[in-house]
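1. just the structure for this:
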Amino acid sequence: MNANEINPFADQIINEPQRLEAVVDGLNDRPLEILLAEFARLADGPAPRCKRRLPYAHLVSSPQPGYGKSHLIGRLYREIRGRAIFVYILAIQNPATVFQSLMQAIVRELHFPPRSATGPLDREQSTQLDLLAHHVFAHLLADLIENRVGIEIDTPPDTTAKLRGDPLLAFNRGTEGDLWADWMRQHFEKLLPYFEEAFETRGVVLHSPRGWLRALFHYAWSPFDAAKRRYVRDWITAQPLDPEEYSRLEMRAADAPDSEISAHAANELCRQRLADLGQLAGYFRPLVFCFDQTEIYAHQTELAKSFGMAVAALVNEVENHLTVVTSNQEPWVARIQPNIEDADADRISRPFLTLEGLTRDQGRELVRLRLEAWRKPPAAVASFLDKAWIAELFPEASNQMGARHFLQKCKERWARKPAPSAPLSELYQQHRDRLLAEPKRHLFEPDILQWLVEEAARGLPDLEVSRVEHTYFRVKWQTPERICFFGFEAGTHWKRWQTIMKVSQNAALATPPVKSVFFRTPEQPALPGAWKIAGQFRLAQASCLHIIVLEVEDIAALYAAKELFADAAQQNISFSTTQVMIFLREQLAPWWERLRGPVGELSPPPPEPPPLTGSPLSGEVREIVRRERFLSIDEVILKLSTPASKDDVLKACGYSVEIRIHSHPNMIVLQWQTS
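-> Here you go, the predicted structure:
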């Protein structure tokens, strides 16, 4: 089989709303216009835009699965690209840490550069958190100059205009040798109280103004200090910092979370951080939160209630933001909304933004766009769009049909026979391949890992799963051989890990024995660090403290399980959630054995993370696909100057927004798509 033999209509689900996608004129324009009008209320006019607040979140409701929720979110993203901080949020697993999960998702997004419409991803560019910090300081400094407060130097008349117009250029990313960057570095401590006064003058009241000022300054003025920037991200997400870490941020002990902070306290602190971040966003760009895969909440009453509370809190407490929720109509009305408190449900605008199906003309347009993207000749397009066939599907020009159902009909017509459903193994592999090509997903996502050990593992033979509320642990496995406690610790505070070590060692003396399991991902520092307890910690690792270091391929395999379940929950596939769970128990069998078994050998230290700009391979793959436009991954490998595996090429594809991946049973096709 070659790439041209692939059915152009095989892909019917949009899993990456932020990727480029062809747009059918007129389809669901009205819901998009409403969301854009709401966004304009936040974004219109020059920054700072303080004290702006929308009264409601918005629900995008699909009458049936396949009406284009993700397509609409993708259109919204492309319309506001470069004017918003867009945060795509998947289902949250732990109701006790909902705000911490939200803040972790936001910081994961902020630590990436904004994606441009075209071009490779370059992680050495300024991140969105860099841009936010520079805008905050540029506007604060301009306020002080204009009001002649705290500034003892003469400045040219156009200084404030330059500061406000291009903050990143004005400070040159905090680079040493730049006039304003050096001046800020030299006078920062003296300026702090004046900056706080400038906040108050604009009505910006933060829970921790000085903590935010120090955090943003040290992040933005240390563009190539990975450790210091990690300390800032940990501070924002309420991870404890040890004395050396917070001293590098010039913070007091009182400004940093305590090493023994409880899950409840960390969650409440992140709730405050969210409110603060909303006010800071007024100096830069509005926040747009998009909650997808909410159908998963239909399966857990407690999560649905917690989700509703979180959405209401965002509306009530966070300025300068738009919240968009997507859901299929039936699960929302029948099983999600009834579990949300009335007062919380009232924070979602009525009527909901209901999606429409394709009309006859829009169906024709979708076919044309799809076949042209697959480089089919005009004659093939005309032949496929036979008038009798289209009239059979749409007897009247105004008749409507869900986009996915229409694409399924197209798939069958192209194949000249009914198209059987892809098996679960194929659907799972598609998700794994796609995740390999998404650098933003190669990070620590504790909610997915908790879902795996709490929900996906439930029902395995000789295994009892329960949720626990403990400072360090969330899930408990009871097996005939041992008890396993699972924690999802993102930070690296040695004292916190010392307590985890001691708790694990004491529990290991019980009968049956106990082990503790924690996951780490490539962007996280290896454990133990340069700790005074490093020797003791390694001994614990050999007996009762199971630190599992996930490589990118592991992350793709595990996160794909949650994506497959979400597809079933959203009825994107013809399998039930029960069938998916049965499949995953078999598919992930090696992982279940590893997690429930003894600690075994120590995991080797993780390799150094790849360069943030990708690698020479990513550039070479990009150029090959751009030149050829459409080819299989095997053909790409043959054209490379150095040997590479399929997984290597998939990871390289993630640095180019124009490369779209089509994963099929016998091959993977790479397509260059620019619109």
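
2. quickly list what T354 is bridged to.
-> S61 (DSSP bridges).

3. can you check the pLDDT for it?
-> Per-residue pLDDT puts T354 at 96.

4. residue contacts, it?
-> 31, 61-63, 329 (CB atoms under 8 Å, 6 or more residues apart in numbering). Any C-beta I mention is one placed from the backbone N, CA and C, and that applies to glycine too.

5. so which of those residues comes closest to P665?
-> S62 (28.4 Å; CB to CB).

6. now do the buried residues in whichever strand or helix holds L274.
-> Assigned by DSSP states H and E, L274 falls within helix 263-281. Buried positions in helix 263-281, judged by neighbour count with 16 or more other CB atoms under 10 Å: 263, 266-267, 269-281.

7. what about P156, how many residues nearby?
-> 8 (other CB atoms under 10 Å).

8. ok but it is inside a strand, no?
-> No: applying DSSP: H, G, I helix; E, B strand; the rest coil, one finds P156 to be coil, outside a strand.

9. tally of neighbours for the closest residue to W414 other than its chain neighbours?
-> For W414, ignoring the flanking residues on the chain, the nearest one in space by CB to CB, 6 or more residues apart in numbering is N7 at 5.2 Å. Using other CB under 10 Å, N7 has 16 other residues around it.

10. beyond the helix ranked longest in the chain, next helix or strand please.
-> Assignment by DSSP state H gives helix 179-201 as the longest helix of the chain. Downstream of helix 179-201, the first helix or strand assigned by DSSP H and E is helix 209-220.

11. how is the protein divided into domains?
-> 29-121+285-354, 128-261, 361-415, 439-596, 616-672 (automatic domain parsing).

12. so what does I624 have for phi and psi?
-> phi -60, psi -50 (degrees, to the nearest 10).

13. out of the contacts of T354, which are buried?
-> Counted by 16+ other CB under 10 Å, the contacts of T354 give 31, 61-62, 329 as buried.

14. identify the farthest-apart pair in these.
-> Applying CB to CB across those, the maximum distance is between P31 and Q329, 13.6 Å.

15. please report how far the residue nearest to A534 when sequence neighbours are not counted lies from Q498.
-> Among residues not flanking A534 along the chain, P528 sits closest, at 4.2 Å (CB to CB, 6+ apart). As for P528, its distance to Q498 is 10 Å (criterion: CB to CB, to the nearest Å).

16. looking at the two, which one has more neighbours?
-> P528 (21 against 18).

17. list the contacts of the more buried one.
-> So P528 contacts 494, 497, 534, 537-538 (CB under 8 Å, 6+ apart).

18. now do I659
-> Contacts of I659 by CB under 8 Å, 6+ apart are 437, 621-622, 625, 653, 670-673.

19. what subset of those residues is buried?
-> Judged by 16+ other CB under 10 Å, buried ones among these: 437, 621-622, 625, 653, 670-673.

20. need those residues in a markdown table with pLDDT, secondary structure and distance to R52, can you?
-> As requested, the buried ones among the contacts of I659 are exported to a markdown table (pLDDT from 0 to 100; DSSP: H, G, I helix; E, B strand; the rest coil; distance: CB to CB, whole Å):
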| residue | pLDDT | secondary structure | distance to R52 |
| --- | --- | --- | --- |
| A437 | 92 | coil | 36 |
| V621 | 94 | helix | 42 |
| R622 | 93 | helix | 39 |
| V625 | 94 | helix | 42 |
| C653 | 91 | helix | 38 |
| L670 | 91 | strand | 42 |
| Q671 | 88 | strand | 40 |
| W672 | 89 | strand | 39 |
| Q673 | 81 | coil | 35 |
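
21. reformat those residues as CSV; add distance to W451.
-> CSV is the format used below for the buried ones among the contacts of I659 (distance: CB to CB, whole Å):
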residue, distance to W451
A437, 22
V621, 32
R622, 33
V625, 34
C653, 26
L670, 30
Q671, 31
W672, 35
Q673, 31
